[in-house]
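Student: Whatever this is, show me its structure:
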Amino acid sequence: MADWLIPDWPAPVGIKACVTTRAGGISVAPFDTFNLGDHVDDDPQAVAHNRSILTSCLTIKPAWLKQVHGIDVVEASPAQVLQADASWSNTPGVACTIMTADCLPALFCNRQGTQVAAAHAGWRGLAAGVLEATVESFIEAPSEILVWLGPAIGPQAFEVGPEVREAFMATHPETAKAFRASANPGKFMADIYQLARLRLAARGLTAVYGGGLSTCSDERFFSYRRSARTGRFASLVWIDSK
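Tutor: Residues are numbered from 1 along each chain as shown. This is a model prediction of the structure:
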C-alpha cells in the first residue's frame, strides 16, 4: 500500500520491515478501514479480508500473537496464535507481527541478517522488561543488534499517574528524565520512546532508530487514546525469502 511505512534503519540486506496504516481495507467505522485486530469487535470477515490483503501485498506469512502486556517471547509461528508479547524468527518469509494502537512496537534484527524479532511494549510490558527479554532471544551481543521503534503515543499525549513513573524508576532511576509534570496535579507526561531507549541502553544496546511519530495526533494510525473503540495496525519484520 502506498502509505505504509518502511522503517528507515541500517538493517542488513535481506531484512524487510513494514508498518501498516488505517488505509486500504474494507472495515467500516470506527475500524475504518484497514483494521487487522481480531479482538476489537470488528466484523471477523472484514478482518480476515484485510489480513489476506496484507499477506498478498507483502508475500509473507505473518505470525500473529495474542498480546497480554507481558514479557513472554516465542518463536514466530504462522500456524498458531501464541500468547506472548514478542516473537523471533530465523525462517525466511515468516514475519514477526505486532498489533498496536498507541503501545510501542519495536522491531529487531541482528547485523548478520539471520534473525529478526518484534515486541509489543505498552508501559506495563516496557517496565517489566519485554524489550530486554526480546534482546535475550538473540545469541549475539547487544552491540550486534539493531532496533527500530515504530509509531506510538507521543509525549504530548501520554499522561500517566505517579505509579507508572515509580514502576520505571524502581529499577532504572535514570528514567526520571522521561517524565515531566503534567498540567493536571499529580500526573506526568511520559515519553515512551525515551523510556525504551534508556532501557535498551542499560542493556548495552544503542543502535536504536525510529521514534518521533505520535499515533494520537497522526490520524494515519489507530489510537486507543484518541478513540477507545478503534482498530489495530501492524508492525512487521522478516527475512526476505527471495
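
Student: low-confidence ranges in the chain?
Tutor: Residue ranges of the chain with pLDDT under 70: 1-2.

Student: and with 80 instead?
Tutor: Applying pLDDT under 80 to the chain flags the ranges 1-2, 242.

Student: and residue 74, which of the three is it?
Tutor: What DSSP: H, G, I helix; E, B strand; the rest coil gives for residue 74 is strand.

Student: if I've got this straight, residue 120 is in a helix?
Tutor: No. In this structure, residue 120 is strand, not part of a helix, as judged by three-state DSSP.

Student: correct me, but it touches residue 96?
Tutor: No. Using CB atoms under 8 Å, residue 120 is not in contact with residue 96; the gap is 10.5 Å. C-beta: built from backbone N, CA, C; applies to glycine.

Student: Can you point out the helix or strand that includes the residue of the chain most remote from its centre?
Tutor: Centroid-distance maximum for the chain: residue 185 at 30.3 Å, with CA atoms, centre = their mean. Assigned by DSSP states H and E, residue 185 belongs to no helix or strand.

Student: how much space between it and residue 164?
Tutor: Separation of residue 185 from residue 164 (CB to CB, to the nearest Å): 16 Å.

Student: got a list of what the nearest residue to residue 76 once chain neighbours are set aside touches?
Tutor: Excluding the flanking residues, the one nearest residue 76 by CB to CB, 6 or more residues apart in numbering is residue 63, at 3.5 Å. Residue 63 makes contacts with 76-78, 82, 87, 89, 94-97, as judged by CB atoms under 8 Å, 6 or more residues apart in numbering.

Student: what are the bridge partners for residue 63, then?
Tutor: residue 96 (DSSP bridges).

Student: how far away is it from residue 146?
Tutor: In terms of CB to CB, residue 63 sits 20 Å off from residue 146.

Student: Residue 146 belongs to a strand?
Tutor: Yes. Counting by three-state DSSP, residue 146 falls inside a strand.

Student: Report the beta-bridge partners for it.
Tutor: Here residue 146, judged by DSSP bridges, has bridge partners residue 109.

Student: Enumerate the positions of the helix or strand that contains residue 167 that are buried.
Tutor: Using DSSP H and E, residue 167 maps to helix 162-169. Of the residues in helix 162-169, 164-165, 167-168 count as buried by neighbour count, 16 or more other CB atoms under 10 Å.
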